[in-house]
Every structure is written in structure tokens, then in C-alpha cells.
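Peer 1: missing the sequence, but the structure's below:
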């Protein structure tokens with residue numbers, strides 16, 4: 001059996017931890033934050049309303065293996081996510097763009113109304129400067145479907161919150177969790193292997209340059225009303241600094257306060273302007289950032305395996321992070337036979 005260190009207590013790290021612990025390996029999970037769950041961490045505020053600290057997380061996938069794996073931990077409820085965008089005249093329309101949105105906005109105005117201003121705010125770049133795969137995450141449809149994830153077979157949320165799910169994933173006799181820990185390479189000789197979700201360029205001391213990220217600042221407000229928004233999430237098409245707003249009570253099992261509601265505004269920024277909180281790797285049109293990442297990735301380092309968004313410098317959803325980590329564990333098991 002091996003002694004393994006896992007850097008990061010989000011979905012990527014927690015998945016690896018649980019799978020290795022189930023096989024009898026000794027696992028230490030460390031995170032520099034004071035909580036488990038990574039960016040999926042949530043909590044209940046003083047008004048009894050559950051807040052996702054780092055923005056709304058909706059679990060959606062068509063991968064049954066991943067769905068079965070994550071839903072073995074805790075209770076989950078079905079939730080079909082819908083998003084509206086607010087136009088300049090205050091009118092709400094469906095996102096992603098569908099047939100009805102086209103009729104209201106005009107097909108020739110779709111790009112300039114939704115994609116161009118959002119891209120500038122979210123990524124700090126013009127639309128033409130980004131890799132097309134980024135904007136394809138929000139498609140343009142010809143039907144009247146109002147669901148944000150119309151093709152995802154499984155769409156659920158944890159009944160008691162993501163933090164409780166992470167508690168269950170990491171609740172194993174072979175797993176020890178250490179929070180408020182900062183990783184140092186001096187720890188590596190103490191372990192047989194390290195799985196790291198820390199930024200790969202930071203690990204290598206920016207040897208080949210810095211990999212850019214976008215970050216988010218969050219602003220919570222309480223309003224003295226039962227409900228405020230027509231859907232859980234509303235995107236802004238105006239030139240304000242905010243990309244979207246979330247009303248948490250519109251999610252299932254997120255609070256039943258009948259006197260007020262809590263909303264969160266999101267303001268994108270460069271990660272260096274937000275205490276180096278890295279959320280979204282920037283995939284530029286000329287591929288320069290990916291080339292820098294590949295240079296780091298190609299460094300031979302048999303002791304360390306990089307996982308997660310920051311370790312692999314990739315924009316992936318929760319189900320993809322779990323699926324990637326399950327595959328990583330399978331390869332690791334094969335390597336130590």
C-alpha cells in the first residue's frame with residue numbers, strides 16, 4: 001500500500017482520495033483554504049439561505065458512471081436549470097438563445113447582444129481573441145427549449161449542499177484532511193506519490209512563464225421580499241461590470257425564508273486583482289497559453305500527477321473533473337501493480 005498526498009480538496013482531489021482510500025492506501029488531503037469542497041463549497045447564511053461561495057454549481061452530466069459515483073454520497077434532488085438574460089429595456093429572454101429569444105432580439109443582433117459584451121466582461125478580451133470552444137459552451141438553438149442543459153441526461157443538486165457531499169466523500173478511515181496548509185516540495189519525500197491540483201506553473205516556479213486566469217468577485221445583497229428574479233440566474237447584457245446575478249432560494253432545498261431573499265452579483269476580473277484566486281484558464285485564439293501549459297506538462301516528474309482545472313489548465317465542469325480523476329486513479333493503479 002502507498003502513502004499518497006493530494007493537494008486540493010475539490011472534486012478532482014476528493015475523487016482521487018476516496019478511490020485510493022477504498023483500495024487501502026493511506027491518503028492525506030491538504031488544502032490551503034479553510035474548507036473542503038474547492039469552488040463547490042457552500043454554506044448556510046444567517047438568514048437560513050444556502051449560498052455557493054464561489055458561484056452557482058449545478059451538477060449535470062450524461063455520464064452514468066460519473067452520476068452513479070457521485071450520487072452514492074448523500075441525498076440528491078432533481079433540478080432542471082433555467083437562465084434568463086435581461087435586455088436593455090428590462091425584458092427577460094431565455095439563455096442559451098432559443099427560437100423565442102431570436103424572435104425578440106432579432107437573429108442579426110444575437111452576437112452583439114449576448115456574446116460580444118459578455119465575452120469582454122467575462123474574459124477581458126474581444127470575441128475574436130478567444131478560442132471558439134469557449135463561446136460554444138453557450139450554443140444558439142432553433143427550438144423553444146428553455147433548459148440551460150437540454151442534453152444532459154442527469155441534472156441534480158445535493159439536497160443538503162455540496163459541502164455535506166464532500167464530507168461524505170472524505171469520510172474514510174484511510175483519509176486525513178488538513179486545511180489551511182500551504183504545499184511545499186519539501187513534503188514530497190514523505191510520500192510515495194503526489195496528486196496536485198495546484199496551478200502547474202506555480203509548482204514549477206513560473207519557469208516557462210505565467211499562465212493567465214480569469215477570476216470572479218462576489219457581492220451578496222439581501223432584499224426584503226420573498227422572490228426577486230424570474231429564474232435562479234439572470235445574465236446581464238448591459239455594460240455594467242457584472243455578468244450575472246443568482247437568487248439562491250430559487251434552487252431546491254436552499255432555504256425557505258419568507259421575509260427576505262439573498263442574491264449574489266458576479267464581477268469578472270484578472271485573477272491577480274482577486275488575491276490570485278484562479279477560476280477560468282484563458283484559452284486564447286492563437287494557442288499561446290496552451291503551448292506554455294504543454295511545456296510544463298511535458299516535464300518528466302514521475303512523483304507528481306497534476307489534476308483538476310489548475311493542474312491541467314483546462315476549463316472543465318464538475319462531472320468532467322470527476323471522470324478525469326477516476327481515469328487518473330485507474331492509470332495509477334496499473335502503474336503500481
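Peer 2: Great, that's in hand. This is a predicted model, so every value here is computed, not measured.

Peer 1: quick check: the gap between residue 166 and residue 177.
Peer 2: Distance, residue 166 to residue 177, using C-beta to C-beta, to the nearest Å: 9 Å. C-beta here means a position set from N, CA and C on the backbone, and glycine is covered the same way.

Peer 1: residue 43 looks like it's in a strand, true?
Peer 2: Yes - membership of residue 43 in a strand is supported by DSSP: H, G, I helix; E, B strand; the rest coil.

Peer 1: list residues touching both of residue 166 and residue 177?
Peer 2: 9, 36 (C-beta atoms under 8 Å, 6 or more residues apart in numbering).

Peer 1: more neighbours: which of the two?
Peer 2: A direct count of neighbours by other C-beta atoms under 10 Å for residue 166 and residue 177 places residue 166 higher, at 26 against 19.

Peer 1: distance check, the more buried one against residue 317.
Peer 2: For residue 166, the distance to residue 317 - C-beta to C-beta - is 17 Å.

Peer 1: with residue 178 instead?
Peer 2: Applying C-beta to C-beta, the value for residue 178 to residue 317 is 27 Å.

Peer 1: between these two, which one's more packed in?
Peer 2: Remark: of residue 178 and residue 317, residue 317 carries more neighbours, 18 against 11, as counted by other C-beta under 10 Å.

Peer 1: thought that one was touching residue 57?
Peer 2: No - counting by C-beta atoms under 8 Å, residue 317 does not reach residue 57; the two are 9.0 Å apart.

Peer 1: would residue 117 count as being in a strand?
Peer 2: No - assigned with three-state DSSP, residue 117 falls outside any strand and is helix.

Peer 1: okay, now it: neighbour count?
Peer 2: Neighbours of residue 117 under the rule other C-beta under 10 Å: 18.

Peer 1: one more: the one 3 residues further on?
Peer 2: Residues contacting residue 120 under the criterion other C-beta under 10 Å number 15.

Peer 1: for the stretch 151-300 of the chain, just list every one of the helices.
Peer 2: 162-169, 200-203, 288-297 (DSSP state H, counting those that start in this stretch).

Peer 1: point out the most buried one among those.
Peer 2: Comparing the helices of the stretch 151-300 of the chain by mean neighbour count (mean count of other C-beta atoms under 10 Å), helix 162-169 ranks first with a mean of 22.
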